[in-house]
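Q: take this sequence and fold it.
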Amino acid sequence: MRRSGIAAWVAALVGTSAAAQTPAQIPAQIPAKAAVCSACHGEGGNAVIATNPILAGQNSRYLYLQLRDFQEGRRSDPQMSAMVAGLTRDEMRELADYYSQQKPKSLNFKVDPEKAKLGKLKADETLCTMCHMGGFAGQNEIPRVAGQNFDYIVKQLTDFKARKRTNDAGNMTSVANTLNERDIENLAHYLTGL
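A: Just a heads-up that it's a prediction; the model follows:
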């Protein structure tokens with residue numbers, strides 16, 4: 001092998017080795033508690049029950065805070081509250097990190113293009129991207145809502161409007177109060193289709 005060939009081979013080997021070490025490329029170890037979660041949230045956090053949220057690709061900080069809120073009673077759901085009751089903070093962080101590293105799968109939901117168009121207009125009007133960011137990818141304690149289950153989005157917006165869900169310091173309640181049922185449906189079509 002010529003010297004330039006050896007140098008290229010070493011560079012490729014080192015580059016491959018370094019890439020293999022990056023956290024984004026190391027498959028997440030499946031936490032033991034995730035087996036229980038998959039019953040409702042699907043394999044790898046890809047919920048097939050439309051009223052349940054897709055956890056795959058969600059922000060780790062958001063997931064952790066929601067688990068903590070369920071545990072401490074700031075957010076309520078009979079199943080979730082019971083499921084998180086015995087989790088330690090480390091277990092909640094481990095679950096949140098795991099699900100944040102999973103890839104969300106495409107949904108089979110049939111988006112109505114006209115409703116999605118109206119939903120985008122409403123999202124622009126209510127400045128949703130100020131918190132949920134461009135592409136509705138979320139940030140820190142603000143969830144990714146792009147590609148989320150339609151029924152879950154409708155339920156959460158409806159619960160914020162009715163003040164059944166209040167663990168957001170009032171931000172979503174304020175926005176949801178400006179929405180009617182049609183707005184909520186249109187927003188859900190838009191967000192599910194992203």
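
Q: drop to CA atoms for contacts and neighbour counts, all remaining ones
A: Fine.

Q: could you check how far the residue nearest to residue 74 when sequence neighbours are not counted is from residue 37?
A: Of all residues not flanking residue 74 in the chain, residue 167 sits nearest, at 5.6 Å (CA to CA, 6 or more residues apart in numbering). To residue 37, residue 167 is 21 Å away according to CA to CA, to the nearest Å.

Q: and the residue nearest to residue 74, how far from residue 58?
A: With CA to CA as the criterion, residue 167 and residue 58 are 17 Å apart.

Q: quick one: distance of stretch 47-61 to the chain centre.
A: Distance of stretch 47-61 from the chain centroid (CA atoms, centre = their mean, to the nearest Å) equals 5 Å.

Q: quick one: end-to-end length of that stretch, please.
A: 19 Å.

Q: residues in contact with that stretch?
A: Stretch 47-61 is contacted from outside by 38, 40-42, 44-46, 63, 93, 96-97, 99-104, 138-144, 148-152, 155, using CA atoms under 8 Å, 6 or more residues apart in numbering.

Q: buried members of those residues into ChimeraX, please.
A: Of those, the buried ones can be selected in ChimeraX as follows, counting by 16 or more other CA atoms under 10 Å:
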select :40,41,42,44,45,46,63,93,96,97,99,100,101,102,104,138,139,141,142,143,144,148,149,150,151,152,155
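
Q: among the contacts of stretch 47-61, which ones are in helices?
A: Counting by DSSP state H, the contacts of stretch 47-61 place 38, 40-41, 63, 93, 96-97, 99-100, 150-152, 155 in helices.
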